[in-house]
Structure formats: C-alpha cells, structure tokens
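>>> pasting the structure only:
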C-alpha cells in the first residue's frame with residue numbers, strides 16, 4: 001500500500017539556471033527540477049521533473065525544448081519539455097564512473113557535453129542518441145590509485161566549434177567540437193579550476209579557481225588578460241552577463257565566502273559586491289536579458305538581484321525560501337501542529353504541519369545545527385550545534401534565554417525531563433551532560449562512554465535517563481541517585497537513538513545493524529527486536545498509545561511496528577535517501593520524518609486492516 005506524504009520543504013539545491021526565454025528559473029536538487037515563475041517568484045514552484053536520486057546540475061537547450069541533468073550515479077538524463085505536458089525522458093546516457101559534475105548543450109542544441117569525477121568528458125549527438133567522442137583533458141599517472149582528477153569546468157564557445165574544459169592542473173584547454181582533437185590551452189599556474197565560462201562574444205574565457213582568484217584569458221591567443229583576487233576562500237563559479245553597459249558585459253565571481261563580486265568583463269575592474277548570502281555560493285545564473293542574477297547559497301535560499309545596465313551594480317530584489325539541506329533532527333510542538341527542524345546549513349525552521357507552510361526561519365550561530373527539542377510546555381527550544389554550542393531560545397521569538405558551556409565537540413541529541421527542569425545533551429566528546437534549565441548549571445556529567453554519545457532520553461515518569469553511544473552500549477541511570485541501573489549491550493554496533501514508551505516500561509533503540517531493540521525496564525533484559533530495515537536504523541519514536549513504534553532508516557523508509565508482537569504494521573516510503581529523524585505529533589495523528597534530501601515528510605498515521613496503526617497494534 002502506498003502512503004502519501006505531505007512534503008515540507010523543496011529539498012537541497014545543487015544548481016540553478018534561467019530558461020532561455022527568461023520566463024522561469026530552474027532549480028535542480030535532491031527532489032528533481034523545480035520551475036519558478038520568473039514574474040512571480042513568491043508563487044509555489046512546480047516540480048517539473050521529479051527524480052528519486054539527487055540531480056547535481058542542469059542545463060536547458062538553447063530553444064528551451066530540452067533540459068539535461070547529471071546524477072550521483074554517473075548518468076546524464078535528458079527530458080523533453082512541452083508546455084502543458086509532463087516532461088518526457090528522452091535520453092539516459094551512461095558511462096561515467098562516479099558523479100557527473102557538469103552538463104552543457106552546444107549553441108545549436110545538437111550536442112550535449114558532460115564531465116565527471118572520472119576525469120572524462122563525453123559528448124553525445126542528441127538526434128541519434130549516440131556518443132560522438134570522449135576527451136581526457138588531463139594526463140593521468142597510471143601509478144596513481146585515485147584515478148584521473150575530476151573535470152569541473154566545461155563550456156562551449158559561442159560559435160559551437162570549440163569546447164573548453166578546466167582541470168585540476170590549472171589549465172583551460174580547447175577542443176575541436178567535431179572531432180574532440182586538442183586545439184590549444186591556457187595555463188593558470190597550478191591551482192585547480194572549479195568552473196569556467198565563455199563570454200557571449202567568444203572573445204574571452206574565465207575560470208573560477210580554488211585559490212580564491214578568477215582568471216580571464218584571451219580565447220584566441222591564450223594570453224592571460226587579468227587576474228582578479230576575488231574571494232577569501234574558493235572561487236566556486238564564474239558567470240557572464242549578456243547585457244552590455246558602459247563598462248561592457250559584467251562578469252560575476254561566486255565564492256565559498258558567500259560573496260558574489262561583479263567585475264567588468266572588459267577590463268577586470270571591480271564593480272561591486274552582492275552580500276546577504278549565508279555561507280558559500282552554490283550556483284549563480286544571469287537571466288537571458290542580463291537584467292537579473294539568481295544566486296543560491298549554502299543556506300539554500302535563492303537571492304535574485306536586479307542588475308543596473310549602466311553601472312553593472314545590483315540590488316537585492318527577491319529572496320526565495322523553502323529549500324533546505326539535510327535535516328538532522330525534528331521536534332513536534334507538545335500542543336500545536338508545529339514542527340521545528342534543524343539542518344546542515346545552520347538554519348532553524350518552524351513549519352505549520354496543517355497548512356504545509358514555513359512559519360519562521362532563524363539563522364543559527366554555530367557551524368551547523370545538529371539537534372533541537374521543545375520543552376514540555378512548548379515555550380522553549382533547546383538547540384545544539386556542530387561546534388559544541390548549546391542554548392535555550394524563546395520558541396516564539398527566537399530570543400536567546402540561556403547558553404550552556406561544556407561540550408567541546410558536536411552536540412548530537414537533546415532531551416528535556418518531563419517537568420522541564422533538566423535538559424540532557426549527548427556529546428561527540430563522549431560525555432552525556434545534564435543541565436539545570438533555570439540556573440544553567442551542570443547537574444551531572446556522565447563519562448563512562450567509549451565513543452560518541454549519540455542519543456539521550458528521559459523516562460516520562462522522570463526517574464530514568466537513557467544514553468546511547470557509538471560503543472554499542474545503552475546505559476540507563478537512576479536520576480535521583482545517579483547510579484547506572486541497566487547496561488544493555490546492543491550487540492549491533494553503533495546505537496543511534498533511544499526512546500522510552502509513554503509508561504516508561506520499555507526502552508527502544510535504533511541500531512546500526514538495521515534493527516530496533518526493545519528492553520524492558522522491569523525485566524532488565526531484551527524483550528523484542530524489530531527487523532525490516534535494509535540499512536541502519538537511525539532514529540526511533542514511541543506513539544502515545546505505548547505500543548506503536550516508528551523507526552527511520554538509512555534505506556529511506558519509515559516503518560511502524562507493534563512493540564508487543566514485533567509485527568511490522570506499515571512501511572512509509574521516503575524519497576530514496578536516508579531518513580535521519582522521526583517523531584509522532586502530540587495528538588498521535590501524524591508521523592514526520594526528515595532526511596538527507598532536505599525534505600520533511602508528514603504522513604497521517606495510516607490504517608492497518610481498516611484501523612489506525614495504533615488501534616491495530618492494540619488489537620493484535
């Protein structure tokens with residue numbers, strides 16, 4: 001049985017490009033290709049090309065009738081776009097070993113070129129669907145076990161006669177588009193090239209380099225015209241505008257420092273810098289008329305800037321929210337239909353699960369947000385970071401209430417006690433800490449773990465604290481005496497998460513060996529094992545009925561179980577990427593899971609044999 005999920009978020013962004021007619025902005029990512037209406041970027045986009053595997057890049061054919069994208073699995077897919085119809089898969093080109101890093105159509109739309117991690121450029125004839133030739137731009141040392149270096153830079157010259165490549169050795173090379181024969185090269189003094197672009201008139205070639213510079217060469221002679229000290233970090237992209245102002249066309253360089261710098265493509269003079277990007281820039285694209293530039297950055301927001309044709313400077317015109325990076329954790333509000341999520345790009349998001357809309361977005365202060373938890377009254381949020389930071393925020397306003405100082409490594413999980421007086425934190429520093437919420441003082445530091453502490457949970461009756469660790473052992477402590485009362489070897493490698501049943505009688509653990517283990521607190525022993533995941537179980541949660549258990553797996557599935565019989569009740573299929581976190585809503589009507597694809601899926605707790613899963617568990 002298929003169980004439909006409501007999607008919160010539009011997934012990770014990997015690339016973007018305007019359609020040739022400028023009417024839409026295409027965004028590639030973990031769910032496929034979205035199309036935004038260029039005239040109304042606030043309108044919900046259309047998932048024009050759904051795809052289970054992440055699409056890493058995209059390119060539109062010059063007439064807009066085709067769109068191509070590369071995948072992590074080494075394929076290039078080409079779809080036909082017809083207004084009013086679903087895209088039709090036209091070609092699947094294979095042959096790459098490793099992911100595809102760049103795709104580009106020839107100016108006449110007859111050829112498609114792609115490059116990848118295997119260091120090979122492949123060129124196909126689209127009409128016949130066959131490969132015309134391959135290019136290996138950089139000579140490979142056969143004694144190097146890593147294989148040829150990847151080719152990230154790929155661009156056609158405007159007349160379609162030459163294809164340019166940028167390589168790890170710092171060279172830009174030109175190849176005959178008819179035969180694949182080498183023509184000439186431009187040397188960039190060593191630093192490898194992340195991206196290249198050709199000017200609209202074919203006079204120059206620009207390269208983004210990992211040393212933070214952008215180089216521009218004369219495409220005919222190979223002479224380097226100017227070198228721009230562009231970024232404090234890696235220069236990720238270079239893109240040319242088609243619009244000519246008083247300073248000629250504009251060249252934009254995009255960096256891992258979050259800056260987009262505008263330059264005169266004719267002189268290399270600095271024109272201005274576009275701020276407002278939280279983290280490094282993933283992709284950028286000028287609209288066909290040169291009037292706008294769209295920029296996607298690591299916070300997975302898209303900033304669209306209006307470009308002044310005379311000065312080459314730009315002003316922020318629009319910000320598109322809704323995409324996000326891998327979701328590490330989620331938490332339901334204890335009374336309202338709200339979900340809070342934390343993800344890799346250091347952004348906290350609060351979603352209205354009923355409306356399916358984003359209610360609030362907050363930037364964090366750590367390198368990445370790893371975990372989040374609501375207090376029992378819903379008034380406070382606890383947030384743990386990749387840098388070891390731990391803080392309490394006002395749930396409504398985001399105002400900082402308290403900061404806890406103790407962890408020296410990432411905080412991996414959080415749990416409030418039932419009365420909200422204590423907060424437990426799991427640390428990658430091999431320590432589980434318990435904090436007094438009112439005073440901010442540490443109550444206890446539990447240090448007997450031989451590995452990172454991955455999960456913590458207070459029993460609902462307030463008497464116990466469970467902690468899981470990478471050493472494969474789950475430890476349970478009496479919180480009144482701070483004595484360990486249970487030590488459960490999972491015999492399953494890493495234990496990723498733990499959860500108590502509502503009556504505190506059973507402890508569930510998500511284990512790396514693809515099982516969920518159940519221990520009885522009264523028995524002090526294993527009472528059940530839930531088997532069905534095809535990859536490690538990464539998170540676990542109990543339903544309010546005390547019998548239904550949800551588990552999230554690296555296989556992408558969320559599974560519902562009857563904890564008394566070990567029977568699998570339902571499989572809620574995800575998008576093919578790991579489901580990293582799972583939780584039931586307070587009313588028990590819904591279950592949500594977040595994943596590596598940057599999407600939260602929310603299902604109604606399904607019926608099993610005509611009954612809700614929780615009722616079916618009770619009746620079995």
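Received, thanks. Since the model is a prediction, treat every value here as computed from it, not as a measurement. Numbers count the residues shown, from 1 in each chain.

>>> Low-confidence bits of the stretch 401-550 of the chain, can you list those?
492 (pLDDT under 70).

>>> If you could redo that for the stretch 51-200 of the chain, that was the one I meant.
Low-confidence segments of the stretch 51-200 of the chain, defined by pLDDT under 70: 139-147, 188-190.

>>> hmm, 90 instead?
52-53, 82-86, 95, 97-98, 116-119, 136-151, 167-171, 185-192 (pLDDT under 90).

>>> Identify the residue nearest the geometric centre of the protein.
residue 325 (2.9 Å; CA atoms, centre = their mean).

>>> in a strand, that's where that one is, yeah?
No: assigned with DSSP: H, G, I helix; E, B strand; the rest coil, residue 325 falls outside any strand and is coil.

>>> so what's it scoring on pLDDT?
Here, the pLDDT recorded for residue 325 equals 84.

>>> Then the one 5 residues further on?
As summarised for this prediction, residue 330 has a pLDDT of 95.

>>> before we move on, what about the one 4 residues further on?
Confidence per residue is given as pLDDT, and for residue 334 that number is 96.

>>> Could you pull up the mean pLDDT of the lengthiest strand in the chain?
Counting residues, the longest strand found in the chain (DSSP state E) is strand 235-245. Computed over strand 235-245, the mean pLDDT rounds to 83.

>>> picking up where we left off before, ok, the closest residue to the residue nearest to the centre of the chain other than its chain neighbours to residue 119 distance?
Spatially, and ignoring its direct neighbours in sequence, residue 325 is nearest to residue 344 (3.8 Å; CB to CB, 6 or more residues apart in numbering). In this view, the C-beta of every residue, glycine as well, is placed from N, C-alpha and C. Going from residue 344 to residue 119 by CB to CB, to the nearest Å gives 28 Å.

>>> ok, which stretches of the stretch 1-150 of the chain are strands?
For the stretch 1-150 of the chain, the strands defined by DSSP state E, counting those that start in this stretch occupy 6-8, 13-18, 24-29, 32-37, 46-50, 59-60, 66-70, 76-80, 88-93, 100-105, 111-116, 121-125, 130-135.

>>> would you list those in TSV and tack on distance to residue 298 and mean neighbour count?
Listed next are the strands of the stretch 1-150 of the chain as TSV, based on distance: least, CB to CB, whole Å; neighbours: other CB atoms under 10 Å:
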stretch	distance to residue 298	mean neighbour count
strand 6-8	20	18
strand 13-18	9	23
strand 24-29	13	26
strand 32-37	18	22
strand 46-50	22	16
strand 59-60	22	22
strand 66-70	20	26
strand 76-80	25	21
strand 88-93	30	14
strand 100-105	18	23
strand 111-116	23	25
strand 121-125	28	20
strand 130-135	31	15
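
>>> What strands flank the helix or strand that contains residue 384, and is each parallel or antiparallel?
Following DSSP states H and E, one finds residue 384 within strand 380-385. Here strand 380-385 is paired, per DSSP bridges, with strand 369-374 (antiparallel), strand 390-394 (antiparallel).

>>> on that earlier part again, report the angle between the longest strand of the chain and strand 13-18.
Interaxial angle of strand 235-245 relative to strand 13-18 (axes from the mean of the first three to the mean of the last three CA atoms, to 10 degrees): 10 degrees.
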